[in-house]
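Participant: need a structure here:
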Amino acid sequence: MNIQERMTAFAMLGAGWVMWFLVGLSVICVAIVIERAFFFWGSRENLSSLKQDLFRFLKERDLQGARARLEASRSFEARIVTAGLNSSEDGADSAEERMAGESSFAKLQMERYLAFLGTVGNNAPFVGLLGTVIGVIRAFQSLEQTAGQVSEGLMSEIGEALVATAIGILVALPAVAFFNLFQRVVKSRLAQADSLGREVLAYLRSKTRLIPRSKIWAQQTTTMMMS
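Facilitator: Below you'll find the predicted structure:
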């Protein structure tokens with residue numbers, strides 16, 4: 001049996017398994033969408049309020065208060081900034097590196113399972129097209145068996161072929177839509193974390209610049225007292 005005969009025999013199994021495969025993929029996608037939606041909802045935060053509170057604590061140079069406010073938040077943004085504050089004693093550069101590392105880790109957590117959504121969204125139409133090709137092959141086989149006469153079986157095979165393509169598109173569209181939506185959420189939250197992190201870095205750098213000035217003032221005061 002050559003390759004053509006093997007592929008024909010495979011096609012004669014029908015496109016039903018292709019459609020059930022697409023249905024299975026759609027069920028998994030729905031589960032991922034629900035899980036990710038609860039995940040992002042559970043880690044949400046009023047970023048405007050958080051930023052105002054953080055700015056107030058930093059302005060008052062109250063690092064303990066800033067840490068307490070951030071640790072009370074369930075958001076990834078707060079967790080990233082906390083990593084920077086916890087290394088504030090090592091300087092702004094160290095804090096920036098810590099926040100960058102925590103940001104990368106948070107991105108991995110937020111993008112979990114999204115690759116599956118993107119893969120299904122990109123390839124489900126091709127899986128449906130496979131079902132269509134199988135249906136067309138079976139339709140030609142039916143046409144050959146009926147000596148070119150249009151039969152009920154022929155129309156059934158053509159209908160099955162078109163349904164496979166439709167199911168592939170129906171599975172792909174929401175998968176792509178939710179993949180883009182969640183990617184947008186991830187980018188937005190990382191950008192918000194970066195904005196909060198810059199507040200911390202600005203505070204640390206201003207704190208570093210104040211140290212030499214205080215030393216100079218102390219030296220000037222000592223000189224005046226001696227004179």
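Participant: could you pull out the helices for the chain?
Facilitator: 3-11, 16-42, 47-59, 63-71, 76-86, 92-110, 114-145, 152-226 (DSSP state H).
Participant: any low-confidence regions in this protein?
Facilitator: 1-14, 142-157, 208-227 (pLDDT under 70).
Participant: Quick one: residues contacting the residue nearest the centre of it.
Facilitator: Geometric centre of the chain, nearest residue: Glu111, 3.2 Å, by C-alpha atoms, centre = their mean. Contacts for Glu111 were tallied using C-beta atoms under 8 Å, 6 or more residues apart in numbering; they are 182-183, 186. Placement of C-beta: from N, CA and C, glycine included.
Participant: of all those residues, which comes closest to Arg67?
Facilitator: Lowest distance from Arg67 to these (C-beta to C-beta) belongs to Val186, with 25.3 Å.
Participant: Tell me which of the helices of the chain is the most buried.
Facilitator: Most buried of those, by mean neighbour count (mean count of other C-beta atoms under 10 Å): helix 76-86, with a mean of 24.
Participant: how much space is there between the residue nearest to the centre of the chain and Gly197?
Facilitator: Per C-beta to C-beta, to the nearest Å, Glu111 is found 19 Å from Gly197.
Participant: Ala72 now?
Facilitator: Distance from Ala72 to Gly197, by C-beta to C-beta: 18 Å.
Participant: same question, Leu173
Facilitator: Leu173 is 36 Å from Gly197, by C-beta to C-beta.
Participant: same deal with Lys51?
Facilitator: In this view, Lys51 and Gly197 are 11 Å apart by C-beta to C-beta.
Participant: if I pick the closest residue to Asp194 other than its chain neighbours, what's in contact with it?
Facilitator: Spatial nearest neighbour of Asp194, chain neighbours left out: Ser103 (7.5 Å); criterion: C-beta to C-beta, 6 or more residues apart in numbering. Counting by C-beta under 8 Å, 6+ apart, Ser103 touches 80, 190, 193-194, 197.
Participant: now for those, which pair is the farthest apart?
Facilitator: Farthest pair in the contacts of Ser103, by C-beta to C-beta: Leu190 and Gly197, 10.1 Å.
Participant: is it true that Gly168 touches Val133?
Facilitator: No - with contact defined as C-beta atoms under 8 Å, Gly168 does not count as touching Val133 (11.7 Å).
Participant: got a list of what Ser26 touches?
Facilitator: Taking C-beta under 8 Å, 6+ apart, we find Ser26 in contact with 170-171, 175.
Participant: would you turn those residues into JSON lines with distance to Ala164?
Facilitator: Below are these laid out as JSON lines (distance: C-beta to C-beta, whole Å):
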{"residue": "Leu170", "distance to Ala164": "11"}
{"residue": "Val171", "distance to Ala164": "11"}
{"residue": "Ala175", "distance to Ala164": "17"}
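Participant: Nearest to Gly118, out of those: which one, please.
Facilitator: Ala175 (7.6 Å).
Participant: wait, what's in contact with the closest one?
Facilitator: Ala175 neighbours (C-beta under 8 Å, 6+ apart): 26, 29, 117-118, 120-121, 124.
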